[in-house]
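Asker: Turn this into a model:
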Amino acid sequence: MARSNPKKPSAVDQIHLGLLDLIQRSALAPGDKLPSEDQLTQRFDCSRPTLREALKILEQDGIIETQHGRGRFLTAAASLMVERPITCFESVSTMMRGLGYKPTSSLISVLATPAGAMVANALQCSPSTAVARVERLRFHERKALVYSLNFLRIDDLPTGGLEAIDWTGSVVELLRGRGKEPVMSTAAVSAVMLPRDVSEDHHLADFGAALLITETCFTNRGEAVLFAQDYHRGDAFSFSFARR
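Answerer: Have a look, this model is predicted:
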């Protein structure tokens with residue numbers, strides 16, 4: 001699941017994730033028939049061979065089955081698809097709301113800085129490329145649940161300066177407004193403690209062990225637009241993983 005050297009997702013990867021999203025958003029149930037190949041190639045603007053490779057992955061995962069002469073259908077195993085797979089991108093705010101939290105954000109700092117080696121590797125740019133480093137805390141009822149570091153290319157942001165942007169709002173909505181909406185990601189997860197300076201500066205001694213999700217997020221064109229390091233409070237979150 002984790003990739004330490006993010007690369008642009010292939011066309012098959014993109015269609016595979018698009019099919020998973022279609023299944024979830026359409027509320028398809030086991031036994032339901034998928035749209036035809038003609039409908040899917042039009043929907044995803046892809047070739048038939050690319051679509052078939054993506055469908056083959058779903059079949060190998062046991063999510064769909066092919067009934068010759070009838071089409072492709074969701075299997076009973078489709079109902080066991082992981083609830084929050086790391087590779088299917090969703091914003092932290094959306095994830096928190098889905099878990100019943102009422103998220104609010106507090107901006108700690110935002111500054112323009114050269115990308116540096118790690119961020120440049122993730123965003124597929126030069127280390128000297130100007131990026132915005134956005135540091136925030138996410139709360140539920142005044143309790144800090146997530147400490148976030150986001151990195152975005154300055155060129156992907158609205159003109160007018162970083163100070164003119166409402167960073168307590170959704171970064172995903174901000175990118176969507178620029179035609180750069182992230183829809184898929186590669187990610188790694190590790191169990192860590194908060195950085196000591198963050199814990200001390202923001203009085204988070206009770207935060208405890210954290211689940212650090214390090215994630216590179218891509219548009220549907222495969223462009224890396226967001227690199228995120230999100231420290232999730234360990235007693236407030238759990239994640240499920242699909243492994244194949």
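Asker: ok, now which ones touch the closest residue in space to W167 that isn't next to it in sequence?
Answerer: Nearest residue to W167, sequence neighbours excluded (C-beta to C-beta, 6 or more residues apart in numbering): L107, at 4.5 Å. Every C-beta, even on glycine, is put in place using the N, C-alpha and C of the backbone. Residues in contact with L107, defined by C-beta atoms under 8 Å, 6 or more residues apart in numbering, are 134-136, 167-168.
Asker: in this structure, which helix has the most residues?
Answerer: With secondary structure taken from DSSP state H, the chain has its longest helix at helix 11-25.
Asker: Please compute how far that one lies from its chain's middle.
Answerer: Mean-position distance between helix 11-25 and its chain equals 13 Å (C-alpha atoms, centre = their mean, to the nearest Å).
Asker: do the same with stretch 14-31
Answerer: 16 Å.
Asker: Equivalent analysis for stretch 142-156, please.
Answerer: That offset, for stretch 142-156, works out to 13 Å (C-alpha atoms, centre = their mean).
Asker: could you give the mean pLDDT of it?
Answerer: The average pLDDT for stretch 142-156 rounds to 96.
Asker: which of the residues in that stretch are buried?
Answerer: For stretch 142-156, burial by neighbour count (16 or more other C-beta atoms under 10 Å) applies to 144-153, 156.
Asker: on that earlier part again, check what pLDDT the residue nearest to W167 gets.
Answerer: At L107, the pLDDT value in this model is 96.
Asker: cool, the one 4 residues further on as well?
Answerer: What the model reports as pLDDT for L111 is 96.
Asker: isn't there a strand covering it?
Answerer: Yes: counting by DSSP: H, G, I helix; E, B strand; the rest coil, L111 is part of a strand.
Asker: quick one: the residue of the chain most remote from its centre and G31, what's the gap?
Answerer: Ranked by distance from the centre of the chain (C-alpha atoms, centre = their mean), the top residue is G69, with 36.6 Å. Counting by C-beta to C-beta, to the nearest Å, the gap from G69 to G31 is 17 Å.
Asker: next one: P103
Answerer: P103 is 36 Å from G31, by C-beta to C-beta.
Asker: Of these two, give the one with the bigger neighbour count.
Answerer: Neighbour count, other C-beta atoms under 10 Å: between P103 and G31, P103 has more, with 18 against 10.
Asker: Quick one: neighbours of the closest residue to that one other than its chain neighbours, just the number.
Answerer: Sequence neighbours aside, M96 is the residue nearest to P103 in space, at 4.2 Å (criterion: C-beta to C-beta, 6+ apart). As a burial measure, M96 scores 22 neighbours (other C-beta under 10 Å).
Asker: My read is that M96 contacts A144, right?
Answerer: No: at 12.0 Å, M96 and A144 do not qualify as touching, with contact defined as C-beta atoms under 8 Å.
Asker: okay, and the common contacts of these two?
Answerer: R138.
Asker: Do me a favour and get the end-to-end distance for stretch 133-148?
Answerer: 10 Å (C-alpha to C-alpha, to the nearest Å).
Asker: Ok, stretch 51-68 next?
Answerer: 17 Å.
Asker: now stretch 153-171
Answerer: 12 Å.
Asker: repeat for stretch 192-205
Answerer: 14 Å.
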